Every structure is written in C-alpha cells, then in structure tokens.
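[1] Quick one, what's the 3D model for this:
(2 chains)
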Number of protein chains: 2
Amino acid sequence: MKKPGIDLSTASCPIPLTEYPTVLLAHGGGGKLTQQLIHKMFLSSFGNPHLDPLHDGATLELGGSRLAFTTDSYVVSPLFFPGGNIGSLSVHGTVNDLSMCGARPLYLSAGFIIEEGLPMDELWRIVTAMQEAAEESGVTLVTGDTKVLDRGKGDGIFINTTGIGSIPPGIEIHPDRARPGDRILLSGPIAEHGIAIMSVREGLAFETTIESDSAPLNGLVSEMLKASNTIRVLRDPTRGGVASALNEIAGQSGVGMHLHEDRIPVREEVKGACELLGLDPLYVANEGKVLAIVPAEESNRVLEAMHAHPLGREATDIGEVTASRPGVVTMTSSIGGTRIVDMLSGEQLPRIC
Amino acid sequence: MKKPGIDLSTASCPIPLTEYPTVLLAHGGGGKLTQQLIHKMFLSSFGNPHLDPLHDGATLELGGSRLAFTTDSYVVSPLFFPGGNIGSLSVHGTVNDLSMCGARPLYLSAGFIIEEGLPMDELWRIVTAMQEAAEESGVTLVTGDTKVLDRGKGDGIFINTTGIGSIPPGIEIHPDRARPGDRILLSGPIAEHGIAIMSVREGLAFETTIESDSAPLNGLVSEMLKASNTIRVLRDPTRGGVASALNEIAGQSGVGMHLHEDRIPVREEVKGACELLGLDPLYVANEGKVLAIVPAEESNRVLEAMHAHPLGREATDIGEVTASRPGVVTMTSSIGGTRIVDMLSGEQLPRIC
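    Have a look, this model is predicted:
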C-alpha cells in the first residue's frame, strides 16, 4: 500500500554507510555511537517536540493531566544474577525511568520475546520476580504480549516494559535545566549492577558476592521531591554509568561539571573487581542509584531526605555545575590531578541491562 | 535485595513441567498453548482487574479520561515483505490494537532490539517506514530505546511498540459483550498478510504478488463508531486468524457463533496459495482487517459506513451470534455441511508478526 506523507524512503541513510555499513555492538553501548544513532537515525525521522533523546521518557498532556511515558527493552545476559533477574530488572528499570521524569509510576506493559527451549521454570521465576518487583514499586502490570522465536534466533528471553506515570503539578525536571552553581548529588555507591553481571559472566568469585543494586527508586525520589520541588534534573546512571549520564546532562544544559573522585562512593570489593576487570567504575551501570542536580541552597535539604530513605543512606554531594567549559565533565582525582571524564565512544559492557 | 509482598517464588510453576519442560514455538502461536501460557503463567501472577488477556489492550482511568494502553513485540521473518516491512507493521499493529479498544490512537513508544551486523541501510528503511506509517495513522512516536545484541543472539531486528489512545465517552467495546442475535461483520478479504510472508519464506512465485494487507484501521473504525456507538466487539484477526479471534470472543462472551463460508471473502490467488501450502485461510494472519460484532438492527448502518471507507469496501456480514453451544464456532461450508471451527492447539505460522 502506497503511504501518503513525506517520502523519507528517497532520503539516503543519514549515517555514513562507508564508515558504518552495519550496526555494531557499540551502537547499543550508551556512548558516542549510541548518541549518533539516536540523533542521526531516529531523531531525523521521528523528530517531534515530545521525542527527547536525552530524557528518560516523554511528557504528555492528556485530559488535563501530565503523564510520563517511557519504554525499555531488557536483554541482560545472564538472565539470573546476584541481586535479581531479567524480570525484576525489567520492572525496576522502567519504574526508575518514570521516576527520573518526576512522575509517580502507575502502570506497566510487558512484552515477552522468548526463545523456543527456555526452561519453563525459568520463565516462572522471571514472571514471579516481575510481579514481586511490581508490588514493591506500587505499579500494576496491565497489558502484555508474548512472542516465541525459533531456537537459535534469540537468547532465552528479552523483555520490553513500557510505563505510564503521572507528574504532579509544579514538578519541572529535565536534563536541560542544570545551572552553574547547582550541586550534583548521588544516592549511593556505584558500579554494583555492572560488576554483579560481569562477575557471573567471567566466572569470578570474590570473598563477598557482589549483588546488583537493582531497586525501584520511586520511593526515594518521592521523598526528595517532598524536600524540594526545585530539583532540576534526575537521572539513573544505567548503561554507560555516572560518567555518561553526566556528560549527557552537561551537553544538553550547556554547562560544565566538576566532580571530586574521593566523594564518589565505591565499595571496596567493587573497586577490586573493577581493577581486576580493567573497568572504570564511573562507566559501569547502576540499576538502583539516582543522580540529582539541585540548586545549591536546596542541596542540604535534599541530601537529608535521601539519608532518611533506605536507598539513599550513603548519598553524597559529588561535585558542582560550572559555567566554564560547557558540555565538559572534569574530575579532581583522589591523588590530586584533574582530568576530563569523557563519554566513551563504544561499548564497555554489552548486554548489561 | 529481599522483596516484600507475597512470596510467589515458593509457589510452583503452574504449567506442568513434566508435560512442558520448556517453552515451545506453539506457545507463541496464538492457539490453545498460548492461551494456557497466558492464563496459567501470566494471569496467575499478574492478575488484576486491568489485565484482560482476551482484549487487545487495557483500559485505564487517568485524570478523568479513559485511556487504552497496549503493547506488541514484532518478530516477523523476513523483515521485508510485499506490502510492508517490520517497521510499518509495528506501527499498524499497535495502532490497530488501540482501535480495537474503541480508542483514538495518540502516542507510540518504540523499543528496538537489533542484532549486531544488521545492515545500516536496512535499519534506515525500517525506521522511515515506521515514520511514514505513524504519519498515515496520525500517531506520534514519542519515546524510544535501542539495544544491540551480539551477533547470533538475535535475528536482525525485533521491535516493540506500545501505544496510548483515548477512548471517547459512550464507547463500550469488550470481547465479553457479544449477544445472541448480533451480526458478525468482516471488513474485507482474509489471509493476505500471512500468505505474503509465507510466499517470501517458501520462495513461492505467483502470477500476481500477494501483498500484506498491513494498514492502520483507526480511520475505518472511527467511521464505524460514527455510524453506531453500540458496536459490541472489535477485533483485528492477526495471529491465529479469523477462527482464533472468533473462538476467543465466543468463549469470553459465553455465546455460540455461526459462520457462512461462502460469505467470507478470500482472493483467488490467496485461496490458491493456501491450497499449495496446506493452510486454512481462516487461521492465517491479517494485519489490516477488522471483525465487528454488532446488534442486528445496527448492522446495515455499520456495513454501509464500512463500504464507504477504502479499507472496508469489500466488507461483508459473515454470520451470527447464537445462544446455542456457548464458546463454539460453527460454519456452513460452501458445499453445504456444517463443521466446528476450533481453535488450533499449536502454531500454524511462526513469526508472522
């Protein structure tokens, strides 16, 4: 059937095919190539005021109320890991994306793509983990879809969850709102999700099992917003870690950022595992941490609210937003020097979420 | 992290593991095994008033207005077929699911799961087809997500689309509302999508290329609802075809149905292909057809509205809802006998959508 409207099909591919004839793993890594794919491919086609690549979800006005709407597909490998599985992760991740829009998460959809041969009891454990995570988060799974792939054409199970939340009046959270002088708050120690996954993949055994921090952040965010409704930006530093999240925000707000390495909490065992694996914890995924950018005069109040919540007990102020070097994130390292914390160009850890 | 709430994990898998130790292709085929998986596995875990397995989406009350919310993952193979590709299909399919709730489709999310190595220009053709289909349907793609799988762990690309639509006041469409005496209307010739896909897969060449009927049904449905706001049930007979869709509705409404084979339009070339492939067109997927169950006194009005729309020109009245044999669909065949049109237990055509 001939489709009306603009004929995009005669436009040529906006990504240079000589340089990137095929999609690479790094296009999904959350770094520069992901940004290029999103900007050149998706925004040039779908571009509209709602589609905002640097936010965790879209904000929609419907029937007089503001809704947040966000989608995520989960392809984590392995399916089961210390601290969770793909089912709990798929609920926490989307609950958190809604929370990062300042929304109260309400409803989720679940789309299952299952490879023929997935053990039925694994599916059951995944589904029950989803339901438990939904109950813990106070969201309801309201609609779903199941597809089965022929053996060898998938990898166990992939899950898409898409969520709807309501944004209370007066809340204006967006990654372009960081301003020089603002403080950068982090809710707790980083890199635990990524290291939990990598430890299983690489068969590493540590004295203490490193567990994923996968958790629903809506309760914590709700307490933070009660403490201050002038929070500028919220972001859960998943794929690409704290470094990529802050680079994105710095770019979109047109500000610089300066971090202090010794204020960024990393557990000793995670630090050890990162050294062993040659990974920088700043780039490793988290699934239960939030970054908040807050006006300086409100930051103590927000930090206190974070400390009072079980998921924010170890929250710290890790740095400040600056007017110098817009789009650049710098850091004073523990040993004293200052370095640029750039966005990775490729994939540090594939299939981490 | 220990999760509060009921401990589903101690409950054993509700699907007998001795009988089904693993997920089979047939669990995704839209037939009896799919129903079993949905009822025993998903409903027993997620069961809540919104989650309604036999409807194409959930109906939510939000801020005083009624919304429809629906999700679908598209795993069609091949990615490109006569009449469309996975991109256009992923928009039409979800627009249609919203339409089947009586909703006006508004917003879509798109979740891409891409296998490393997908040619970049194929991705571009898919993305542009999505945008063209969105424009044609009057919906906006507002949020998205991209994941990349390592080579060999996927099959080119899978796309999830999830949609939000608004349900106008006074519209009450639900698969439990069919009543004895109602008429069953069908918008046009069947089995074209499934046969278009199978022809490519099997390398069949016909005198005329059989094209998928993939199309957005919201315009047609809007005209039908203008003609009568007492339409009881709407359903797009995709996976499992007309036979599975009507069996589901008959079961949920607790009514019988009787069809007349000679009133069900099937194009000659599709009929020929079905014979060649050993397929019954009643079970083959459609992606641009609607079944409507309508009170008898309104059926002519609705049929006239269908005939006036390009996608309903060949609409016919294919049978009636009966009080006898609740849950059973019967058909008078072209040569005169009556047979039961049962739901398939397995998979007729895998990965058709």
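
[2] which phi and psi does the residue of the stretch 101-250 of chain A found nearest chain B have?
    Relative to chain B, the nearest point of the stretch 101-250 of chain A is residue A:148 (2.8 Å; C-beta to the nearest C-beta). For glycine as for every other residue, the C-beta is placed from the backbone atoms N, C-alpha and C. As for residue A:148, its main-chain torsions (degrees, to the nearest 10) stand at phi -120, psi 130.

[3] Look up the closest residue to it, ignoring the ones flanking it.
    When the adjacent residues along the chain are set aside, residue A:148 lies closest to residue B:28, with 2.8 Å between them (C-beta to C-beta, 6 or more residues apart in numbering or on different chains).

[4] Please write out the alpha-carbon positions of stretch A:252-267 in PDB.
    C-alpha atoms of stretch A:252-267 as PDB (Å, rounded to 0.1, in the frame of the first residue of the first chain):
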ATOM      1  CA  GLN A 252      22.000  19.300  27.000                       C
ATOM      2  CA  SER A 253      22.100  22.000  29.700                       C
ATOM      3  CA  GLY A 254      25.200  23.700  28.100                       C
ATOM      4  CA  VAL A 255      27.100  23.700  31.400                       C
ATOM      5  CA  GLY A 256      30.300  22.200  32.700                       C
ATOM      6  CA  MET A 257      30.500  19.900  35.700                       C
ATOM      7  CA  HIS A 258      33.300  19.200  38.100                       C
ATOM      8  CA  LEU A 259      33.500  16.000  40.300                       C
ATOM      9  CA  HIS A 260      35.600  15.000  43.200                       C
ATOM     10  CA  GLU A 261      36.600  11.400  43.000                       C
ATOM     11  CA  ASP A 262      37.100  10.900  46.700                       C
ATOM     12  CA  ARG A 263      33.400  11.800  47.300                       C
ATOM     13  CA  ILE A 264      32.100   9.200  44.900                       C
ATOM     14  CA  PRO A 265      31.400   6.100  46.900                       C
ATOM     15  CA  VAL A 266      32.500   2.700  45.500                       C
ATOM     16  CA  ARG A 267      32.600  -0.300  47.800                       C
END
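
[5] Report the mean per-residue pLDDT for it.
    On average, the pLDDT along stretch A:252-267 is 97.

[6] Could you do stretch A:85-104 as well?
    Stretch A:85-104 comes out at a mean pLDDT of 97.

[7] Report whether it contacts chain B.
    Yes. Stretch A:85-104 comes into contact with chain B (C-beta under 8 Å from any C-beta of the partner chain), by way of residue A:88.

[8] ok, now stretch A:274-287?
    No. On the criterion C-beta under 8 Å from any C-beta, stretch A:274-287 is out of touch with chain B, staying 10.6 Å away.

[9] mean confidence for that stretch?
    On average, the pLDDT along stretch A:274-287 is 94.

[10] Give me the contacts around that stretch.
    Residues from elsewhere that reach stretch A:274-287 (C-beta atoms under 8 Å, 6 or more residues apart in numbering or on different chains): A:84, A:89, A:92-93, A:96, A:190-195, A:197-198, A:202, A:204, A:212-215, A:236-244, A:264, A:266, A:270-271, A:341, A:344, A:348-349, A:352-353.

[11] hang on, the earlier thing: just to check, the residue of the stretch 101-250 of chain A closest to chain B is in contact with residue B:25?
    Yes. Residue A:148 lies in contact with residue B:25 (C-beta atoms under 8 Å); the separation is 5.3 Å.

[12] more neighbours, these two?
    Ranked by neighbour count (other C-beta atoms under 10 Å in any protein chain shown), residue A:148 and residue B:25 place residue A:148 first, with 28 against 19.

[13] Distance check, that one against residue A:157.
    According to C-beta to C-beta, to the nearest Å, residue A:148 and residue A:157 sit 10 Å apart.

[14] For the stretch 251-353 of chain A, just list every one of the strands.
    Along the stretch 251-353 of chain A, the segments classed as strands by DSSP state E, counting those that start in this stretch run A:256-260, A:291-294, A:316-322, A:329-332, A:338-340.

[15] JSON lines please, covering those strands and showing distance to chain B.
    Below are those laid out as JSON lines (distance: least, C-beta to the nearest C-beta, whole Å):
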{"stretch": "strand A:256-260", "distance to chain B": "25"}
{"stretch": "strand A:291-294", "distance to chain B": "19"}
{"stretch": "strand A:316-322", "distance to chain B": "21"}
{"stretch": "strand A:329-332", "distance to chain B": "23"}
{"stretch": "strand A:338-340", "distance to chain B": "26"}
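
[16] Residue B:305 is nearest to which of the ones you listed?
    Of all the strands of the stretch 251-353 of chain A, strand A:291-294 sits nearest to residue B:305, with 53.4 Å by C-beta to C-beta.

[17] show me where pLDDT drops low in the stretch 101-250 of chain A?
    Within the stretch 101-250 of chain A, no range satisfies pLDDT under 70.

[18] Can you give me the neighbour number for residue A:303?
    With other C-beta under 10 Å as criterion, residue A:303 counts 21.

[19] What distance do you get for it to residue A:217?
    Residue A:303 sits at a distance of 16 Å from residue A:217 (criterion: C-beta to C-beta).

[20] now residue A:323
    Applying C-beta to C-beta, the value for residue A:323 to residue A:217 is 30 Å.

[21] and these two? which has more neighbours close in?
    Taking other C-beta under 10 Å, residue A:323 and residue A:217 do not tie; residue A:217 has more neighbours (27 against 11).

[22] residues in contact with the more buried one?
    For residue A:217, the contact set (C-beta under 8 Å, 6+ apart) comprises A:92, A:95-96, A:99-100, A:187, A:236, A:288-290, A:311.

[23] Could you do residue A:339 as well?
    Taking C-beta under 8 Å, 6+ apart, one finds A:330-331, A:333 in contact with residue A:339.

[24] Select from these the one having the most neighbours.
    In terms of neighbour count, residue A:331 stands highest of these at 21 neighbours, by other C-beta under 10 Å.

[25] quick one: residue A:147 is in a strand?
    Yes. Counting by DSSP: H, G, I helix; E, B strand; the rest coil, residue A:147 is found in a strand.

[26] give me the beta-bridge partners of it?
    When assigned by DSSP bridges, residue A:147 has beta-bridge partners residue A:113.

[27] Check which residues of the biggest helix by length in chain A are buried.
    When chain A is parsed with DSSP state H, its longest helix is helix A:120-137. For helix A:120-137, a neighbour-count test (16 or more other C-beta atoms under 10 Å in any protein chain shown) marks A:120, A:122-137 as buried.

[28] so which of those residues also contact chain B?
    The subset of those within reach of chain B, counting by C-beta under 8 Å from any C-beta, consists of A:120, A:123-125, A:127-136.

[29] would you turn these into a markdown table with distance to residue A:316?
    A markdown table is the format used below for those (distance: C-beta to C-beta, whole Å):
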| residue | distance to residue A:316 |
| --- | --- |
| A:120 | 44 |
| A:123 | 40 |
| A:124 | 40 |
| A:125 | 35 |
| A:127 | 37 |
| A:128 | 35 |
| A:129 | 30 |
| A:130 | 32 |
| A:131 | 34 |
| A:132 | 30 |
| A:133 | 27 |
| A:134 | 30 |
| A:135 | 30 |
| A:136 | 25 |
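
[30] Over to the most centrally placed residue in chain A. Which of the three states is it?
    For chain A, the residue nearest the mean C-alpha position is residue A:238 (3.5 Å; C-alpha atoms, centre = their mean). Under three-state DSSP, residue A:238 falls in the coil class.

[31] which of the ones next to chain B among the buried residues of helix A:120-137 lies closest to residue A:61?
    The nearest one, if we look at those relative to residue A:61 and count by C-beta to C-beta, is residue A:134, at 26.3 Å.
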